[in-house]
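Asks: How does the following fold in three dimensions:
(one chain, ligands or ions: 1)
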Amino acid sequence: MGEMVSYAVEDGIAEAVIDNPPVNAASHGVRAGLADALARFQGDAGARVLIVRCAGKTFMAGADIKEFGKPMIDPQLPELLKRFDRVDKPIVAAVHGTVLGGGFELALACHYRIADAAARFGFPEVKLGLLPGAGGTQRAPRFAGLATAIDLVTGGGQIGAAAAKDAGLVDAIADGDLAQAARDFARALVSEGKGPRRAGDLPMPEDDPALFDAARKSLGRKMRGQTAPLMALDAIRIGYEGLPFDEALDREYALCRDMVTGPQSRALRHIFAAEREVAKVPGLPADLTPRDVRTAGVIGLGVMGRGIVMALASAGVPVIAVGLDQAHLDAATKAIAKMWSSSVAKGSLAQGEMDARMARITGSTDPADLAAADLVIEAVSEDLGVKQTVFATLGQVTKPGTILASNTSFLDIDTLAAASGRAADVCGMHFFNPAHVMRLLENVRAAETAPDVVATIMAFGKRIGKLPVLSGVCDGFIVNRMLSKRSREAFFLVEEGASPAAIDKVVLDYGFPMGPLALGDLAGLDIQAAARKSRAAKASPRELRADFVEQMVAAGRLGQKTGSGWYAYDETRKASPNPETDALVAAHAERHGLRLREIGADEIRERLLYAMVNEGAKLLDEGIAPRPHEIDVAMVNGLGWPAYTGGPMHWADQIGLDKVLATIERFRAEQGDDYWTPSPLLVRLAGEGRGFYA
Ligand code: 3H9
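Replies: Reported below is the predicted structural model:
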C-alpha cells in the first residue's frame, strides 16, 4: 500500500482515503495506492462496499501536472480507472472541494457519487492544452447527456454540486459531514442490495448530432487558435458514433498523450506554473509577516476608482471611498449600484449579495476619513502634480503603517513616495480596466518600499481574487511599457504602407483578442494621444513624425465613441475600412516624402511581437521584471497575449533567441532606428545559446 492512500474496513464498509497535499493530485503514489486498495477490496469478501474520498481541502484536483513530460509509470490513470469498471461490488466517491480533471474522472469511474454541497466540478484539461484522458469524454456524456458533457469538456468551466446533481453527474448531496453521509449512503446501497452501476454499461445518449457542429462553430469563435477544445470534441464524438466503450477510452488516452508533448500544452502548462511562481517574490524573507488589512480606502472615484471599490467590496473588504466632492461621490455610488443592479437583473448576482457589497462601502468627501484604513489606493487623475498633493495629504491623515498605493499607469511612484513623507509605506497597485473584472494586478515596488509592504500587497491581491505580479518602477511598468512598443511599431507599419486591417488581422491570427489599431479605437484615440504627449520629450523624431493619432484627434475622430478612428463604425459599432484613414496616410506619405510598400504578414508579426520581446528583455536587464515569469503572466492576463503560445518570453525561447536576435538586427539595419537596438541580455543569452528561462 502506498502511503498516500490508506485503506480500512469497518462494518463491511471499506474506505480508501487519498492524502496527497496540497490538492491530492493523482501522482504515482496515489495511483499505486488506489490500485492496491482496489485489489484488497476485491479480495475481501467481508467488505461489501468501497468509499473513495480525500483528506484535506479538496478531492483529487486532477492528474499530477508535475509528472507531465516525464515517462509515465504504471499504473496509469486510464488503466486504473478501467479496473473500477471490473469490480463487482459498488464503489462510492465522496467528493468535496474542487473535483477537477482526473479527479472528476475518478469520481465518474466510481459507481455512485455523493458530494459536499460546496463541491465544484470541471474538466480544466483544455486550459492545459489537453483533453480529459482518463474517461471523461466517454463517461460524462453517458451520465449527463451530450450538451452538458460538450460544455464541460470543451469549455473547461466548472459547475456546482446542485447543477452536477441536476445533470445526473452526482447521485446525492451530503447533508452535513461528508464522510458520515457517505457511510450512510454506502450502508443504504448494501441494504437495498444495489450493485455496481458502471458508466460503460450505460448507452451513449441519442442526442442530436447537430450539437457537435454547433459546438465546433462556437469554439472556433471563442477559443480561436486553440487545438485542445476541438480535439476534446472529437474525442466525445468517437464514442458517440459507436466505438465500443473500452476502445473509445484507449483512443481518448492516445489523443491525450500526443497532446502532452505538443507546443500548445507545453505553453499552457508553463503559464499555469508561472502564474503560481509569481506569487513567490524572490528575495523576500519567508518569515515576513504581512501587515493586517481589515479596512481599505480608495481616493478618486473615476472609472478606475469605482472599479477598485467594486473589486474590494465584492471580495468582502470594507472600503472607505473618497470622492472629490459630493457630486463626484454621488455619481460614483450611483454608477456602482447601477452596475450591480444590472447583474441582479440578469440573475448573475443575488440581491442579498449586492446589498452586502453596498453595505461595505462608506462614502466620504473628506480624506481625513481615511484615518481608519489600513491600505489606501489612490486613483485620482493621471497628473503627477495632483497625485503629489494627494500623497502629501495621505502621509498626514493616515495612521502610521497604513500602506499608500498608487493606481497610476505610468507616473513615477518614487516621486509620490517622496511627497508622502512615508516612502517605506508607498507602492503601486496598478489595476486594469475594468478593475472589478480584470484578474491582473501589477504591484509596484518603489525604491524605498518596505519588504513587508510588498508581502502585504501580494497577499492582499490574491485575497481579493486578483493575480498579482510584481514590477519595479518605470514608465508603464510591464504591460503598458511593452504595449507602447507594439503601438509604436504599428504606427511605423502604417507609415510604410500596411493597412490597419492588415496589421490587426496578423495580431488576431496570432491569437490576441484584438489588433493594436482596433484596440486604440476602442480605448479612445484621445487617451492614446495624451499618453504620446506625456512621452513626447523622450520620443525619437520618427515616433513624433508618425502622428496619426494626433491628426485623427484634431479632426474629431476619437475612435469608436465618435464613429470614426482607424476604422469607420456604424451605429452597432461594427467596423469597416475608413477611407478617411487611407486619405490621411496618403497625405502623410506625400508630406514627408515616404514611399508606401506592400508588407507581408510575417514582417508585420515579427515587428510587432519582437518589439515586445526586446522590451521584455530590457525589463529583465533593468531589474524591473524580477523574472521572465512576471512578463509572461502579465502579458497573457493584461494584454490577452494568447496563453497557448506561453507569453512573449516563453515564445521567444521556443523560436530560439539566436533567431530572434538575428531578425532584430536585420530590422535595425533596415529601419536605421535606435529603437531596434537589441537588449544586452538578449545578445548575451543568444550568444550563450540559452533562453530567458534557465
Ligand atoms: C488531468 O487531470 C489529465 C487527465 O484528464 C488525464 C490524465 C491521463 N498537479 O492553484 P493553487 C499545485 S490534467 C500538481 O495555488 P488554489 C500548484 O502548482 C489536470 N500540482 O491552489 C501549487 O503548487 P505550489 C487537471 C498541482 O487553492 C499548489 O498545488 N486539473 C495541481 O488556489 C496549490 O495550487 C487541473 O488543471 C495538479 N493537478 O487552487 C487543476 N494542481 O504551491 C489545476 C495544483 O508549489 N489546479 N497544484 O505552487 C487548480 O485549478 C488549482 O490548483 C486548484 C486549487 C483549484 C485545485
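
Asks: is it true that residue 136 touches residue 122?
Replies: No: under the contact definition of Cβ atoms under 8 Å, residue 136 does not touch residue 122, with a separation of 10.1 Å. Placement of C-beta: from N, CA and C, glycine included.

Asks: Show me which of the two is the more surrounded one.
Replies: residue 136 (27 against 22; other Cβ atoms under 10 Å).

Asks: thinking again about what came up before, now for residue 136 and residue 122: what residues contact both?
Replies: Taking Cβ atoms under 8 Å, 6 or more residues apart in numbering as the criterion, residue 136 and residue 122 both touch 101, 104.

Asks: Let me know how buried the residue lying closest to residue 556 once chain neighbours are set aside is, in neighbour terms.
Replies: In space, and not counting its chain neighbours, residue 556 is closest to residue 562: 6.2 Å by Cβ to Cβ, 6 or more residues apart in numbering. Neighbourhood size, residue 562 [other Cβ under 10 Å]: 17.

Asks: Next, residue 562: phi, psi?
Replies: Main-chain dihedrals, residue 562, degrees, to the nearest 10: phi -110, psi 10.

Asks: Over to residue 322?
Replies: Main-chain dihedrals, residue 322, degrees, to the nearest 10: phi -110, psi 120.

Asks: next one: residue 296
Replies: phi -110, psi 160.

Asks: the domain parsing of this structure - what is it?
Replies: The record's domain parsing of the chain by automatic domain parsing lists 5-260, 296-471, 479-598, 602-687.

Asks: can those go into a markdown table with extra columns for mean pLDDT and distance to the ligand?
Replies: Output for the domains of the chain, formatted as a markdown table (pLDDT from 0 to 100; distance: least, Cβ to the nearest ligand atom, whole Å):
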| stretch | mean pLDDT | distance to the ligand |
| --- | --- | --- |
| domain 5-260 | 96 | 3 |
| domain 296-471 | 97 | 8 |
| domain 479-598 | 95 | 20 |
| domain 602-687 | 96 | 12 |
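
Asks: so which of those domains comes closest to residue 270?
Replies: domain 602-687 (4.7 Å; Cβ to Cβ).

Asks: quick revisit: okay if I get the domains of the chain as a markdown table plus distance to residue 278?
Replies: Converted to a markdown table, the domains of the chain look like this (distance: least, Cβ to Cβ, whole Å):
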| stretch | distance to residue 278 |
| --- | --- |
| domain 5-260 | 17 |
| domain 296-471 | 5 |
| domain 479-598 | 13 |
| domain 602-687 | 5 |
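
Asks: hey, where'd the strands end up in the stretch 251-400 of the chain?
Replies: 296-299, 319-322, 361-364, 375-378 (DSSP state E, counting those that start in this stretch).

Asks: Then the stretch 451-600 of the chain?
Replies: All strands of the stretch 451-600 of the chain, identified by DSSP E, counting those that start in this stretch, fall at 467-472, 567-569, 575-577.

Asks: looking at it, the residue nearest to residue 556 is touching residue 553, isn't it?
Replies: No: the criterion here is Cβ under 8 Å, and residue 562 misses it with residue 553 at 9.8 Å.

Asks: Format the strands of the stretch 251-400 of the chain as JSON lines; extra columns: distance to residue 208 and mean neighbour count.
Replies: Formatted as JSON lines, the strands of the stretch 251-400 of the chain follow (distance: least, Cβ to Cβ, whole Å; neighbours: other Cβ atoms under 10 Å):
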{"stretch": "strand 296-299", "distance to residue 208": "50", "mean neighbour count": "29"}
{"stretch": "strand 319-322", "distance to residue 208": "49", "mean neighbour count": "26"}
{"stretch": "strand 361-364", "distance to residue 208": "48", "mean neighbour count": "16"}
{"stretch": "strand 375-378", "distance to residue 208": "51", "mean neighbour count": "27"}
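
Asks: and the strands of the stretch 451-600 of the chain, which is most packed in?
Replies: For those, the largest average neighbour count (mean count of other Cβ atoms under 10 Å) is found in strand 467-472, namely a mean of 24.

Asks: So what's the gap between it and the chain middle?
Replies: Centroid displacement of strand 467-472 relative to its chain, using Cα atoms, centre = their mean, to the nearest Å, is 14 Å.

Asks: list the helices and strands that strand packs on?
Replies: Judged by 3 or more Cβ pairs under 8 Å, 6 or more residues apart in numbering; DSSP states H and E, the packing partners of strand 467-472 are strand 440-445, helix 451-463, helix 628-638.

Asks: before we move on, back to that, I'd like the strands of the stretch 251-400 of the chain as CSV, with distance to residue 56 appended.
Replies: Formatted as CSV, the strands of the stretch 251-400 of the chain follow (distance: least, Cβ to Cβ, whole Å):
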stretch, distance to residue 56
strand 296-299, 31
strand 319-322, 33
strand 361-364, 36
strand 375-378, 31
